[in-house]
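> Fold the stuff below for me.
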Amino acid sequence: MILLNGAVTDPEGDLHEWIGYVALGLVIIRLVWANIGPAQARFSAFPPSPARAMRYARSVVRGDRTVHLSHNPLGALMVYNLWLTIIALGVTGYMMTTLRFFGIDWVEELHEVVFNWLLLSVALHIAGVGFDTWRSGVNLVRAMVSGRKRIPQGSKVE
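You can find the predicted model right below:
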C-alpha cells in the first residue's frame with residue numbers, strides 16, 4: 001500500500017495523504033496489539049537487541065535451523081525498523097500539510113529519504129523472509145497472514 005502510494009499516486013493529492021494516514025493508523029493499531037495481543041505478538045516476545053541479532057546471524061551461518069515462535073532476532077530489528085520508518089513517513093508527511101512546514105525543503109527531502117529507506121528495508125525484509133522460510137521450513141508468509149506457524153516436526157523451537 002505505501003509503496004504503491006509513493007510510486008503511483010500524486011504526491012500533492014488527497015489520495016496520497018489519506019493512504020499515508022491509513023498506513024500510519026495501521027502501524028498504531030499493530031503497536032497497540034503488541035501490548036494487548038497474544039504472547040507471540042507482544043513486544044516482550046521480540047525485544048530489539050542488536051547483540052542478539054548478531055549472535056543469531058552467526059548461528060545461522062553455522063547452520064542452526066532453530067525456529068522462533070515469534071520474530072527471530074534479525075526479524076525483530078527489521079520490524080522495529082519498518083514501524084519507525086512508517087511513523088517517520090507519516091510525521092514528515094503530516095508536517096508538510098501544516099502552515100509551519102509547508103514548502104520547507106528539508107522536510108520534503110527527509111520525507112523522500114525516509115521513503116527510499118523504506119524501499120530498501122522492504123526489499124531486505126522480503127529477502128529475509130524468503131531466506132528464513134527456506135532455512136527453517138516454516139512458511140512465514142502464511143504465518144504472517146494467519147498468525148500461526150506450522151513448525152516442521154523435529155525442529156528446535158525457541
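> What segments of the protein are helices?
All helices of the chain, identified by DSSP state H, fall at 2-7, 14-36, 50-61, 73-95, 105-136, 140-146.
> Minimum distance to residue 156: which of those helices has it?
Between residue 156 and the helices of the chain, the tightest spacing by Cβ to Cβ is seen for helix 105-136, at 9.8 Å. All C-beta spots, glycine's among them, are computed from the backbone N, C-alpha and C.
> name the helices or strands packed onto that closest one?
helix 2-7, helix 73-95, helix 140-146 (3 or more Cβ pairs under 8 Å, 6 or more residues apart in numbering; DSSP states H and E).
> now it: how far from the chain's centre is it?
Offset of helix 105-136 from its chain centre (Cα atoms, centre = their mean, to the nearest Å): 8 Å.
> can you check stretch 18-32 too?
Its chain's C-alpha centre and that of stretch 18-32 lie 12 Å apart, by Cα atoms, centre = their mean.
> just the helices and strands packed on helix 105-136: most buried one?
Mean neighbour count, computed with mean count of other Cβ atoms under 10 Å, is highest for helix 73-95 among these, reaching a mean of 19.
> Could you export that helix as PDB, CA atoms only?
In PDB, the C-alpha atoms belonging to helix 73-95 read as follows (Å, rounded to 0.1, in the frame of the first residue of the first chain):
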ATOM      1  CA  PRO A  73      16.200 -11.500  16.400                       C
ATOM      2  CA  LEU A  74      17.100 -10.100  13.000                       C
ATOM      3  CA  GLY A  75      13.400 -10.100  12.100                       C
ATOM      4  CA  ALA A  76      12.600  -8.200  15.300                       C
ATOM      5  CA  LEU A  77      15.100  -5.500  14.400                       C
ATOM      6  CA  MET A  78      13.500  -5.300  10.900                       C
ATOM      7  CA  VAL A  79      10.000  -5.000  12.300                       C
ATOM      8  CA  TYR A  80      11.000  -2.100  14.600                       C
ATOM      9  CA  ASN A  81      12.800  -0.500  11.700                       C
ATOM     10  CA  LEU A  82       9.700  -0.800   9.500                       C
ATOM     11  CA  TRP A  83       7.400   0.600  12.200                       C
ATOM     12  CA  LEU A  84       9.700   3.600  12.900                       C
ATOM     13  CA  THR A  85      10.200   4.200   9.200                       C
ATOM     14  CA  ILE A  86       6.400   4.300   8.500                       C
ATOM     15  CA  ILE A  87       5.900   6.600  11.600                       C
ATOM     16  CA  ALA A  88       8.700   8.900  10.200                       C
ATOM     17  CA  LEU A  89       6.900   8.900   6.800                       C
ATOM     18  CA  GLY A  90       3.600   9.800   8.500                       C
ATOM     19  CA  VAL A  91       5.100  12.500  10.700                       C
ATOM     20  CA  THR A  92       7.100  14.200   7.800                       C
ATOM     21  CA  GLY A  93       4.000  13.800   5.500                       C
ATOM     22  CA  TYR A  94       1.800  15.500   8.100                       C
ATOM     23  CA  MET A  95       4.400  18.200   8.700                       C
END
